[in-house]
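A.B. asks: turn this into a model:
(one chain, ligands or ions: 2)
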Amino acid sequence: MNRKLIKPGSTIGIIGGGQLGRMMALAAKEAGFRIIVLDPTPDSPCVQAADAQIVAEYNDEKALRMLAKRCSVITYEFENIDYESLKKTAGFAYVPQGAELIRITQNRIYEKEAIMKAGVRVAPYQVVTNEAELNTAVAKIGYPCILKTARGGYDGKGQVTLTKESSLSETKALLGHGPCVLEKMIDFTKELSVIIARNTAGETSLFPVVENIHHDHILHQTIAPARIEDSVKEEAQAVALQVAESIGLVGTLAVEMFLEADGTIYVNELAPRPHNSGHYSIEACSISQFGQHIRAICNWPLRKVELLKPAVMVNLLGQHVAKAIEQIPLQPQWSVHIYGKKEAKHQRKMGHITVLTETIEETLLSLEKSGVWQDVQKRSEAAMND
Ligand code: ADP
Ligand code: MG
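C.D. replies: Residues are numbered from 1 along each chain as shown. Ligands and ions are numbered 1, 2, ... in the order given. Here you go, the predicted structure:
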């Protein structure tokens, strides 16, 4: 493998034009890199922070060859790019992350197998491909449980929660998409995540364990550091390291976990890239997840990650973004990140804010008082009264 230092002034190619690519590009720009993004949507969030865009599908070989010709290194910001094309690209371009992790994380079945191979626990599950198998799996796993398509899901898309009352007919559409996994619903006390970076020399660096609050299966809030015992933090980081070493990670990996009341940790899923729950690191850490990712793929030594100040990150979905912008004059402490997406669709990630704080509880209260996330509050109150 080519372990040459990729120097400032060189060009980095990013496959995928979303907000993760945009924040990678912003971090890379700081160190003097040039950025070319490949994405089918013109004026993508990423190209607004990059030097150029090749407007093409992720599997367009001609476009990938053009990208390779113009770049010293290629990375990706999205796991649903075309695996076969990425594998091929690694044959004619420098793709230090390789394609294998994309193959694994594109399919929940391979992903769970890889996590278990690393010696780490996942929620009890069964692979199901038809209604008969679903019935057998439900009998084995019990209610409540969640059916997820093996491929193509994100932000809760391609999932249905099954309880005693729900009719199995809701599952037809998912099974129609191909193989699924039926998972036991974990009665977690917290959702945690750990982001880890590893470079081609095998050097690793862990970000702090954070606490994630989801609504409608979409990340709403991240609290850094997680409000858990130190021994649980150590275990969560050990789990992330175990997975990263086992898969031979190069680049960035986010490990999503469930924590049960008795301290048991299950890995929920892996993201082979910087992650929404690591956005707080831009302001709160000695290096951001994006800066560290760029260092890892450019064969730079990794920075030691330190949490400089506790932080709360809250997502701005389509229904929040206008209200959040109205708040700018009133909220000098908010770091406002807007991704430059054209249409503020309901539930679409449009941006986020980060607040650095010594008093997490007070900050959570003041965020609530701002009224930006009223829809989320109403729904969680309704759920509590259920
Ligand atoms: P996505 O690819 O959409 O992020 P996830 O599998 O991470 O899919 O599910 C999204 C969210 O749904 C999780 O963060 C969690 O809040 C909830 N969830 C998913 N699977 C389970 C489970 N087995 N038990 C409890 N909650 C779950
Ligand atoms: Mg997830």
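
A.B. asks: could you pick out the residues of this protein near ligand 1 for me?
C.D. replies: The chain comes close to ligand 1 at residues 123, 146, 153-156, 183, 185-186, 191, 214, 217, 256, 268-269, as judged by Cβ under 6 Å from any ligand atom. All C-beta atoms are positioned from the backbone trio N, CA, C, and that covers glycine.

A.B. asks: now list the buried members of the residues you listed.
C.D. replies: Among these, those scoring as buried are Ala123, Ile146, Gly153, Asp155, Gly156, Glu183, Met185, Ile186, Glu191, Glu256, Asn268, Glu269 (criterion: 16 or more other Cβ atoms under 10 Å).

A.B. asks: okay but the third one is in contact with Val160, surely?
C.D. replies: To tie it back to what came earlier, the one meant is Gly153. No. Contact criterion Cβ atoms under 8 Å: Gly153 and Val160 do not qualify, at 10.7 Å.

A.B. asks: next, format the buried ones among the residues of the chain next to ligand 1 as a markdown table and append pLDDT and secondary structure.
C.D. replies: What follows is these, written out as a markdown table (pLDDT from 0 to 100; DSSP: H, G, I helix; E, B strand; the rest coil):
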| residue | pLDDT | secondary structure |
| --- | --- | --- |
| Ala123 | 98 | coil |
| Ile146 | 96 | strand |
| Gly153 | 75 | coil |
| Asp155 | 74 | coil |
| Gly156 | 74 | coil |
| Glu183 | 98 | strand |
| Met185 | 97 | coil |
| Ile186 | 98 | coil |
| Glu191 | 98 | strand |
| Glu256 | 98 | strand |
| Asn268 | 97 | strand |
| Glu269 | 96 | strand |
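
A.B. asks: isn't Ala261 up against Ile228?
C.D. replies: No. Using Cβ under 8 Å, Ala261 is not in contact with Ile228, being 11.5 Å away.

A.B. asks: and those two? Which one has more around it.
C.D. replies: Neighbour comparison, Ala261 and Ile228: the larger count goes to Ile228, with 17 against 9 (by other Cβ atoms under 10 Å).

A.B. asks: residues making contact with stretch 322-336?
C.D. replies: 282-283, 316, 338, 344, 351, 353-356, 370-372 (Cβ atoms under 8 Å, 6 or more residues apart in numbering).

A.B. asks: ok, those residues vs ligand 1, which is closest?
C.D. replies: Leu316 (17.9 Å; Cβ to the nearest ligand atom).

A.B. asks: and the contacts of stretch 322-336, which of them are in strands?
C.D. replies: Per DSSP state E, strands hold the following members of these: Leu316, Ile338, Gly351, Ile353, Thr354, Val355, Leu356.

A.B. asks: ok, what's across the strand from the closest residue in space to the second one that isn't next to it in sequence?
C.D. replies: Spelled out, it's Ile338. Ranked by Cβ to Cβ, 6 or more residues apart in numbering and with sequence neighbours excluded, the top spatial neighbour of Ile338 is Gly351, at 4.0 Å. Beta bridges link Gly351 to Leu316, Ile338 when assigned by DSSP bridges.
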